[in-house]
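Participant: Need a 3D model of the sequence below.
(chains A, B and C)
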Amino acid sequence: MAILQRLLSHDLPRSRWLAIVLVVMVIGLALTPFLFPGTKALNVAAKILVFIVLVASYDLLLGYTGIVSFAHTMFFGIGAYGVAIASTRLAVEGQVGFGALAVGIGLALITSLLLSLVIGLFSLRVKAIFFAMITLAVASAFLTLASQLSDFTGGEDGLTFKVPALLQPSTSFSDEPFLGATLDGRFASYYLLFVATVALLLVMLRIVNSPFGRVLMAIRENDFRAEAIGYRTVIYRTLSNVLAALFATLAGCLLAIWLRYNGPDTSLSFEIMLDILLIVVIGGMGTMYGAVVGSVLFVLAQSYLQDLMKLGAGVVEGVPVLAQLVSPDRWLLWLGVLFVLCVYHFPAGIVGRLRLAARGRAAPSVAAEGGP
Amino acid sequence: MNTTTTTVAGSATTVEIPKASFDFVPLALVAVLALLAWPLIGSASSWLTLTVAGLAMGMIIFIIASGLTLVFGLMDVLNFGHGVFIALGAFVATTILGGMGDWTASASLWRNLAAVFAAMLVAMAVAGAVGLAFERVLVRPVYGQHLKQILITMGGMIIGEELIKVIWGPDQRPLPLPEALRGSLLIGDAAIGKYRVLAVAIGLVVFAAMLYALNRTKIGLLVRAGVQDREMVESLGYRIRRLFVGVFVVGSALAGLGGVMWGLFQQNVIPQLGAQVTVLIFIVIIIGGLGSTLGCFVGALLVGLLSNYAGFLAPKVALFSNIGLMVVILLWRPQGLYPVTNR
Amino acid sequence: MIDVLLKLDGVHTHIGAYHILHGVDLDVPAGQLTMLLGRNGAGKTTTLRTIMGLWPASRGEIRFDGQAIGGLGAKLATPDIAQRGIAYVPENMGIFADLTVRENLLLAARNASRVEQIDVKRLEWLFGLFPAMKKFWLYPAGKLSGGQKQMLAIARAMIEPRRLLLIDEPSKGLAPAIVQNLISALRELKSTQTTVLLVEQNFAVAKALGDHVAVMDDGRIVHRGAMAELAENEMLQHKLLGLSLAAHQ
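Facilitator: Now for the predicted structure:
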């Protein structure tokens, strides 16, 4: 038990329901190849893992430091493109080694580090709204850049590439399925993602529960006071920006490794940025666990809910507007409504509500601004 | 503003009157840009075509962005969902113009204009009404909390876009120009799009109307004062809250108008129109100075002209011309072209 | 028997976590000028802002002409309080720098939607008191000197008849000669029987204008009475304000 506490950096779920949900989710993800056979299930699970890292990194920025940035997908894309470009260009006789992968990941991290430093130092001296607008513009420019530099990035079509042999789907470790799971490169890739996700998430938990994390939260609550106490808020904010960018980059690398493809829409699109926002708010800002719960629910819904909604649509078929409202294609509408409700009523999202119910005390306070 | 003040405090005799001169530099920039482009483009006729196109685009952007900058200046509210009103206006236009098929197909300019104006009026009314609801339901509850404001207005955009898809379907819809507005006028060698001329005219009218309202009416005075010091205006006995709602509604209506014009410009509309234009208008109001109408006007014209010139001269670079312009302007004047005092 | 126009009863004000006013009891008699004195940080500005509704009173009551305008009885919004006939001249003067002198005055004239609608006699009177205003009529108010801005701020509060004027440290940062102009202008204002609550740290101004005086310290009123009394009692001055009359001139 003590080991578990230390592993989670003493940031426990603090709610029985939340703990149960998390355990179920973790076990489900850990054993997906065995429990849910089929390509689609594995793809959905891999997407969940990537999103957990991506959204958790955004929670670090938004939930814990109180910074709204729309450039997050840019770093996600840098990671994905790093792997994609390295694997494309450093392929030796059609084979990609782990060395090439390392180069790709390394270069991507360095690029993200530099970019996030520049953005952080340049923009964080201005008001939050200004910063948000600038990140939006920068991300948009980056998207255009990626589409335009076709020689480098594959343009609109993107890049398809190979991964190291160990991870290639065609590689087979055993002819016989093991407990229901096919032991091939996919299997290996999946567990690479799983281990990486768990590790990264635990590191992020460690960061937000460290003295550094506490300063971030102090800045989020009242940056004047934090500055008065003696913390150079610009430095902390920039660091937070950089860390969030680096983790997002790693998430991008994982995505590229899994998909063996990357294009502008896969990682840079504004839709993904909106998805991140939706998940982090509905899951729970400033909780980290919100990213886990939110990502699982969101990706599952995105992949399977459509079928469920088709049933509902069947019932009201023919009724003009009503049919459209429950059309599975319009699930984003309801998500948007839920999002708005969460921003206004439940800033701590699902996790916050569960904790509130469990304790009867105030949920972890989230970025609520205002005041004199 | 340029003044040469040498007031001697306390002395009632030797007091000099400050020369209040108007800051022409940003306005001059527009002319400078146009003139610089001439030799680069080469032919006068191409230049003329591009310049009118650029001005037209700029006017439309100004109409769309003007509401946004005023709302921000007055109440520190940045509506990330402003794009919703633009898209709404455009889609309403498809319905209205679609319904007035015989008027738009007619060769009579007056019938065409009537149809277009009808569409504009309805679009403005609808966008304004939705703006009223938007302010009441989404903006008012989180007033003063910037973070929540950004998030909730984004949510509003998502919901709005989806609702547009519910009503008009998720696909692209055509918005063809009426008969008499198609094609170009020939001035010498230059082909000037007829619709573009109309857009410039409408833009100028809207700009003039805004300037009049802001500078010659008491309400406009209240808005300008409120942008500088909201608290003092309240202390003088004015309920600025109501004023704000009014400005928000007008801003939304203008966005609707802009949406119609944009849709006709592109000759088709998509539900993602709002999100697409959002980055552009943000860049424009940052360039112009948050809260400044004149700044917004100049910024929009600069962006419109630059996009067209760059698109002709160096298409690859053109996509970044807006951001590049923003960076250059901010390096010169970090608060924008016409910074608003007390911001 | 002098009527009390403004009455504060046990008013407390909290700003965030800070408890600034600790039960202020203040009577402002009608038609007279009441000085509110005190050291820096005593709570004088907070008192004015609380009366204006810019900061809510967390406890106690504020009554204007018998009607509750703040505190537990009623929490009126600032515009509504202003509409009752209370004018506020804040410490930073609240001049709209980008607007002209003309526009600044027009704003303050609630009953006029155009400059032509402002009472001409009133305007002439103000021009007499503040000649610079006429000179700089069409120029941006931000270009005026500190003293001229202060005059404009007070002129704004006088452009239409008001029942109560709240003025916060008008002499702050002004040269002595200007302060004299200020005193003359405020004397003229007094002659119209307008009720004034004037916050000051400059005792010379206080002595020249005040009919009544209230001294604040630590968010409370620690002395109240006639100005004449306080002006004669140097020991009391020293005790309350930490300085004597002579030292502060």
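
Participant: The residue nearest the centre of chain C - nearest residue in space that isn't next to it in sequence?
Facilitator: A centroid search over chain C (CA atoms, centre = their mean) returns residue C:167, at 1.5 Å, as the residue closest to the centre. Excluding its sequence neighbours, the residue lying closest to residue C:167 (CB to CB, 6 or more residues apart in numbering or on different chains) is residue C:89, at 4.5 Å. Bear in mind the C-beta positions are built from the backbone N, C-alpha and C, glycine included.

Participant: just checking, the one you found touches residue C:168?
Facilitator: Yes: if you go by CB atoms under 8 Å, residue C:89 and residue C:168 touch, sitting 6.4 Å apart.

Participant: Counting neighbours, go ahead and name the busier of the two.
Facilitator: More crowded of residue C:89 and residue C:168, by other CB atoms under 10 Å in any protein chain shown: residue C:89, with 26 against 23.

Participant: And the pLDDT for that one?
Facilitator: pLDDT for residue C:89: 95.

Participant: Confirm residue C:96 sits in a strand?
Facilitator: No: counting by DSSP: H, G, I helix; E, B strand; the rest coil, residue C:96 is located in no strand; its state is coil.

Participant: So what's the residue count around it?
Facilitator: 25.

Participant: mind listing what it touches?
Facilitator: Residues counted as contacts of residue C:96 (CB atoms under 8 Å, 6 or more residues apart in numbering or on different chains) are B:224, B:225, B:228, B:229, B:232, C:103, C:104, C:107, C:141.

Participant: Could you pull out the strands in chain C for me?
Facilitator: Assigned by DSSP state E, the strands in chain C fall at C:4-15, C:18-29, C:33-38, C:57-64, C:67-71, C:86-89, C:164-168, C:195-199, C:212-217, C:220-226.

Participant: So which of the ones you listed is the most surrounded?
Facilitator: Among the strands of chain C, ranked by average contacts under mean count of other CB atoms under 10 Å in any protein chain shown, first place goes to strand C:86-89 (a mean of 27).

Participant: what does it contact?
Facilitator: Strand C:86-89 is contacted from outside by B:235, C:48, C:51-52, C:64, C:82, C:94, C:108, C:153-154, C:156-158, C:162-168, C:170, using CB under 8 Å, 6+ apart.

Participant: Now, of the residues you listed, which are buried?
Facilitator: Among the contacts of strand C:86-89, the ones that count as buried by 16 or more other CB atoms under 10 Å in any protein chain shown are B:235, C:48, C:51-52, C:64, C:82, C:94, C:108, C:153-154, C:156-158, C:162-168, C:170.

Participant: about what we covered before: how close does the residue nearest to the centre of chain C sit to residue C:90?
Facilitator: Look at residue C:167 and residue C:90: by CB to CB, to the nearest Å, they are 9 Å apart.

Participant: one step back: the contacts of residue C:96 in helices, which ones?
Facilitator: B:224, B:225, B:228, B:232, C:103, C:104, C:107 (DSSP state H).

Participant: ok, residues contacting the lengthiest helix in chain C?
Facilitator: Under DSSP H, the helix in chain C containing the largest number of residues is helix C:176-191. Contacts with helix C:176-191, where a contact means CB under 8 Å, 6+ apart, come from B:9-10, C:33, C:129-130, C:146-147, C:150-151, C:154, C:158, C:165, C:167, C:170-171, C:174, C:196, C:198, C:202, C:204-205, C:208-209.

Participant: distance between that helix and the chain's centre?
Facilitator: Taking CA atoms, centre = their mean, to the nearest Å, one finds helix C:176-191 lying 13 Å from the centre of the chain it belongs to.

Participant: ditto for stretch C:93-108
Facilitator: Relative to the centre of its chain, stretch C:93-108 is centred 18 Å away, using CA atoms, centre = their mean.

Participant: Quote the end-to-end distance of stretch B:265-283.
Facilitator: Counting by CA to CA, to the nearest Å, you get 20 Å between the two ends of stretch B:265-283.

Participant: and it, how far out from the chain's middle?
Facilitator: 12 Å.

Participant: host element of the closest residue in space to residue B:123 that isn't next to it in sequence?
Facilitator: The shortest distance from residue B:123 to any non-neighbouring residue, by CB to CB, 6+ apart, is to residue B:89 (3.9 Å). For residue B:89, the element it lies in under DSSP states H and E is helix B:83-99.

Participant: again with residue A:126
Facilitator: In this structure, residue A:126 is located outside every helix and strand according to DSSP H and E.
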